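Trainee: Provided below are the primary sequence and the corresponding predicted coordinates.
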Amino acid sequence: MTTEIQTEQKTQTPNHSDKIVQFPQAQAEAAPKTEEAKSDNRTCDAEEAFSVLLEKAITIGSGYHQKLREVSAAHYAVAYEYHTNEAHRKMYEAKLKTRCSDDDIEVTAGKTSSYHMIVRLTFQKATKQYVSDKVHVLLVALAKQVKPEGFADWLETEKGERKVVETYKRDGSLKQKGNSGNGKGSRADATQESAERETQIKLARERLISTELLRIDGAAALPRVTAPVSDTECAAIILHCTDGSIVIKTLVRDNEVTDEVYSAYFRANAGNIERANVCERIEKLLDSDKNLDIDQIRSELGDEITKKITDAWESDQEWNAEMSDTPSELQEYVKKLRRADGLVNLHGDSAAESAYEDALEELAQVMERDPNLAMHLDRPWCDDISPDYDTVPRLNNSKSRAREGNGPQTIGKQKSLRDALRVELENLRGTNNANTQAATASLAEAMELINKHRALN
């Protein structure tokens, strides 16, 4: 029985998966029996080699595809925790921003969402469109309340990320297909992108609310334009000619068109508009009579400015601690001063005069070495101070009844927060002024050309 099995194995055709596959060129040394057999042999070997390479590519590609699905599921687990845990959302956002900063990933205030940061931290060199599509899938899943443990199955049911992007809006509603169906359909809830656009339009309107580049008398200058019943914002098609003249071709009374103009204005002036908006919010905080706190500042101004304010307060706290402690350089003076005070309590002023003189000599040497230590004294330092209980300088943190002033010159929290906000306000105003100088010069030049045009007509 054993012999028959061994004989059968010897006569079987060798398994191609166990042999080293070579292209025909590598088999040139093998001498075929005939020209026809040689040709058939090369064709067969080429097909085998190609099949092996193809299977290898498919296997690797399949693994890569699965790995991407696992990454997407991991992204969604983070996004789901951020989205559903409102109590810790600010902390999570701060963590994302810190990690992006550590990895040199640019984060633009008001534009880079936390979901974009989650994806960008993994795909740092990916295109904006690639990241945007990944975020699109996350937002659709969140809108449909998909649980993290069911995300992979949901994605499989939806036939992959590309299909999700093509099928759904970011709010989870279906995209309109062509012009079929019920007309324009019902208006979906605002997506994140449209919400950002509305905010930009609002900021642009506020920025331009009191701006007037040019005023033209209605009936005389625009006889073919009917005056509206009330003030109405319009868009205009204007031709700015090479000679500096301006031709108003028509006015467009369309809210969507007007909004798009404001949106374009925001995109062109985003930096200045956002800084101006922050300045207004800082002014509002400073005008408030109520005590400020860090959480309120973070809510109004965001994490970046809040960190500056917090750093300033921590620095002031260090100053307070320094002012409340006795510097090592003055400790010997304090000892001698206490000895003199003790003599006064026991024997009266006359018995302590030489002890106060000894203390003042010590203080004179300290002030000569470092005059800045005078900030710790309760009164100005000079060389002709009388050596008695009521006249000698005391430290600001002294508990003696002879101490002058209100104690250590510390900085209160409210003063610290408000001073830091004022510094930030001045910095923002300075940046805005620098950025608008060129625009102001261009505007003045344009107004000069406009006035010349009006004078000619």
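Mentor: That came through, no problem.
Trainee: and after the helix-or-strand element of the chain with minimal mean pLDDT, which helix or strand comes next?
Mentor: Lowest on mean pLDDT, DSSP states H and E among the helices and strands of the chain sits helix 2-11, with a mean of 40. Per DSSP states H and E, the first helix or strand lying C-terminal to helix 2-11 is helix 35-84.
Trainee: average pLDDT for that next one?
Mentor: For helix 35-84, the mean per-residue pLDDT is 76.
Trainee: again, but for stretch 257-277
Mentor: On average, stretch 257-277 scores 79.
Trainee: Can you show me the CA trace of it as PDB?
Mentor: Extracted C-alpha coordinates of stretch 257-277, given in PDB (Å, rounded to 0.1, in the frame of the first residue of the first chain):
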ATOM      1  CA  VAL A 257     -25.600  87.200  -5.100                       C
ATOM      2  CA  THR A 258     -25.100  89.900  -2.500                       C
ATOM      3  CA  ASP A 259     -24.100  87.200   0.100                       C
ATOM      4  CA  GLU A 260     -21.600  85.800  -2.300                       C
ATOM      5  CA  VAL A 261     -20.000  89.200  -2.700                       C
ATOM      6  CA  TYR A 262     -19.700  89.500   1.100                       C
ATOM      7  CA  SER A 263     -18.300  86.000   1.200                       C
ATOM      8  CA  ALA A 264     -15.700  86.900  -1.500                       C
ATOM      9  CA  TYR A 265     -14.800  90.100   0.500                       C
ATOM     10  CA  PHE A 266     -14.200  88.000   3.600                       C
ATOM     11  CA  ARG A 267     -12.000  85.500   1.800                       C
ATOM     12  CA  ALA A 268      -9.800  88.400   0.500                       C
ATOM     13  CA  ASN A 269      -9.700  90.100   3.900                       C
ATOM     14  CA  ALA A 270     -10.100  87.300   6.300                       C
ATOM     15  CA  GLY A 271      -7.100  88.100   8.500                       C
ATOM     16  CA  ASN A 272      -8.100  91.700   9.100                       C
ATOM     17  CA  ILE A 273     -11.800  90.900   9.600                       C
ATOM     18  CA  GLU A 274     -11.100  88.100  12.100                       C
ATOM     19  CA  ARG A 275      -8.700  90.400  14.000                       C
ATOM     20  CA  ALA A 276     -11.200  93.200  14.100                       C
ATOM     21  CA  ASN A 277     -13.800  90.800  15.400                       C
END
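Trainee: what ranges do the strands span in the stretch 151-300 of the chain?
Mentor: Listed in chain order, the strands of the stretch 151-300 of the chain (DSSP state E, counting those that start in this stretch) span 235-240, 246-252.
Trainee: quick one: buried residues of the last one?
Mentor: What it means is strand 246-252. The neighbour-count check on strand 246-252 (16 or more other Cβ atoms under 10 Å) flags Leu251 as buried. Using the backbone N, CA and C atoms, a C-beta is placed for each residue, glycine as well.
Trainee: what pairs with it, and is each one parallel or antiparallel?
Mentor: strand 235-240 (antiparallel) (DSSP bridges).
Trainee: what sits up against the strand it pairs with?
Mentor: For strand 235-240, contacts defined as Cβ atoms under 8 Å, 6 or more residues apart in numbering pick out Ile246, Val247, Ile248, Lys249, Thr250, Leu251, Val252, Asp254, Val257, Thr258, Glu260, Val261.
Trainee: Check which residues of it are buried.
Mentor: Ala235.
Trainee: Kindly report the same for stretch 83-103.
Mentor: His83, Tyr92, Glu93, Leu96, Lys97, Cys100.
Trainee: nearest to Ile60, of those residues?
Mentor: Cys100 (31.2 Å; Cβ to Cβ).
Trainee: okay, the closest one: pLDDT?
Mentor: 89.
Trainee: With Glu156 instead?
Mentor: pLDDT, read off for Glu156, is 86.
Trainee: pretty sure Leu139 contacts Ser113?
Mentor: No: in this structure, Leu139 is not within contact of Ser113 by Cβ atoms under 8 Å, at 9.2 Å.
Trainee: Those two: who's more crowded?
Mentor: Leu139 (23 against 17; other Cβ atoms under 10 Å).
Trainee: Assign the more buried one to helix, strand or coil.
Mentor: helix (DSSP: H, G, I helix; E, B strand; the rest coil).
Trainee: What's the separation between it and Glu166?
Mentor: 15 Å (Cβ to Cβ, to the nearest Å).
Trainee: Surely Glu274 touches Gln200?
Mentor: No: Glu274 is beyond contact range of Gln200, at 9.4 Å (criterion: Cβ under 8 Å).
Trainee: just the helices in the stretch 201-350 of the chain please.
Mentor: 218-221, 255-268, 270-287, 294-324, 331-347 (DSSP state H, counting those that start in this stretch).
Trainee: Would you format the strands of the stretch 151-300 of the chain as JSON lines with mean pLDDT and distance to Ile60 included?
Mentor: Shown next, in JSON lines, are the strands of the stretch 151-300 of the chain (pLDDT from 0 to 100; distance: least, Cβ to Cβ, whole Å):
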{"stretch": "strand 235-240", "mean pLDDT": "83", "distance to Ile60": "54"}
{"stretch": "strand 246-252", "mean pLDDT": "82", "distance to Ile60": "56"}
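Trainee: closest to Arg205 out of the ones you listed?
Mentor: Nearest of these (Cβ to Cβ): strand 235-240, 13.4 Å.
Trainee: What ranges in this structure fall below the confidence cut-off?
Mentor: Along the chain, segments meeting pLDDT under 70 span 1-43, 61-64, 110, 176-193, 217-225, 322-323, 406-409, 431-457.
Trainee: how does it divide up, domain by domain?
Mentor: The chain breaks down into these domains under automatic domain parsing: 60-167, 192-268.
Trainee: Identify, out of those domains, the most deeply packed stretch.
Mentor: domain 60-167 (a mean of 15; mean count of other Cβ atoms under 10 Å).
Trainee: any idea how far the nearest residue to Val107 once chain neighbours are set aside is from Ala352?
Mentor: Nearest residue to Val107, sequence neighbours excluded (Cβ to Cβ, 6 or more residues apart in numbering): Cys100, at 5.1 Å. Cys100 sits 65 Å away from Ala352, going by Cβ to Cβ.
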